[in-house]
Structure formats: C-alpha cells, structure tokens
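# Coordinates for the following, if possible.
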Amino acid sequence: MPSAEVLALAGDGPATADAASPTLPTPRWETDTRTLWYGEQLLHRYERHPAQVQTRLLDLFQDAKWPEVVPVPADLHARLSNGVKNLNHTLNRHGPSPIRFRRNGNGRSARWERVGNGGQ
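Okay, here's the model as predicted:
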C-alpha cells in the first residue's frame, strides 16, 4: 500500500485530515444580484454600470466553480487586459481586496488569486 505522502503527491486528496489548517474562502458571484462575495465579505455590488467584460469574467469563474485559471472565449481576448484592470480597480475602490485577477501571458485565460493573507 502506498504511503500517505505518496497518496498526497498523487493528488488523491489529503492523506490525513489536518484540523488545524483553516479552509480559505472561495469567491462567489451571484449573477441575479450582481454581487461578488469572498466568504461572508461583500466585495462589490454592480448597480449602475453594465461592466460587461467584468461580469462575464465573473460568470466564467462561477460557472467553473472557481478554479485558479479559466479559459476566456475568443470574443473577450482583445478586451481581457482592460477588463481585468477595471475589475481589480473596482474591487480595491473601498480598500484593499483579499483577491485579485490577472490575465495570463497568452491573453487567452484569466486567473484569480488571494492577496496577502486572503481574508484569514
């Protein structure tokens, strides 16, 4: 039988439960209310402006259950850089956000990441 270390490295999940390790929040995009949450923290509610690229990016992440990276449809490639920049600006408008978004170097995918302690 493989050791716990081998199982953990194989990606079969944690070999042992570590109760001391806190579960970090995952973002949650609620399309119907146009609100972005990080755990229980409301990050932003889109009320006035359509922000079509920003909300489409959030839709992509939410539909994929928030993986680290999502592919971006071809019709967004040209607008991805500005969309990510504007999304980060929006999230930091009222103080530092616990998450940020980035455009991958190829311009065909986007990523999200925790900033600092990620809301711990």
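
# Every contact and neighbour count from this point should use C-alpha atoms.
Fine.

# Where does the prediction get shaky in this structure?
1-21, 117-120 (pLDDT under 70).

# For it, which segments are assigned as strands?
27-30, 35-38, 41-45, 69-71, 99-103, 109-114 (DSSP state E).

# now the fifth one, how far from the centre of its chain.
With C-alpha atoms, centre = their mean, to the nearest Å as the basis, the distance from the averaged C-alpha position of strand 99-103 to the chain average is 7 Å.

# what sits up against it?
80-81, 84, 87-88, 91, 109-115, 118 (C-alpha atoms under 8 Å, 6 or more residues apart in numbering).

# orientation of it relative to strand 41-45 in degrees?
50 degrees (axes from the mean of the first three to the mean of the last three C-alpha atoms, to 10 degrees).

# So which bits of strand 99-103 are buried?
Within strand 99-103, the residues that count as buried by 16 or more other C-alpha atoms under 10 Å are 99, 100, 101, 102, 103.

# Looking at these, which is nearest residue 58?
Closest approach between the buried residues of strand 99-103 and residue 58, by C-alpha to C-alpha: residue 101, at 10.1 Å.

# Quick check: beta-bridge partners of that closest one?
Counting by DSSP bridges, residue 101 is bridged to residue 112.

# could you pull out the helices for the chain?
4-9, 52-63, 80-91 (DSSP state H).

# can I get these in a markdown table with mean neighbour count and distance to residue 40?
Putting those into a markdown table (neighbours: other C-alpha atoms under 10 Å; distance: least, C-alpha to C-alpha, whole Å) gives the following:
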| stretch | mean neighbour count | distance to residue 40 |
| --- | --- | --- |
| helix 4-9 | 12 | 30 |
| helix 52-63 | 18 | 16 |
| helix 80-91 | 18 | 15 |
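
# can you put the strands of the chain in a markdown table and add distance to residue 59?
Formatted as a markdown table, the strands of the chain follow (distance: least, C-alpha to C-alpha, whole Å):
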| stretch | distance to residue 59 |
| --- | --- |
| strand 27-30 | 7 |
| strand 35-38 | 10 |
| strand 41-45 | 14 |
| strand 69-71 | 11 |
| strand 99-103 | 14 |
| strand 109-114 | 12 |
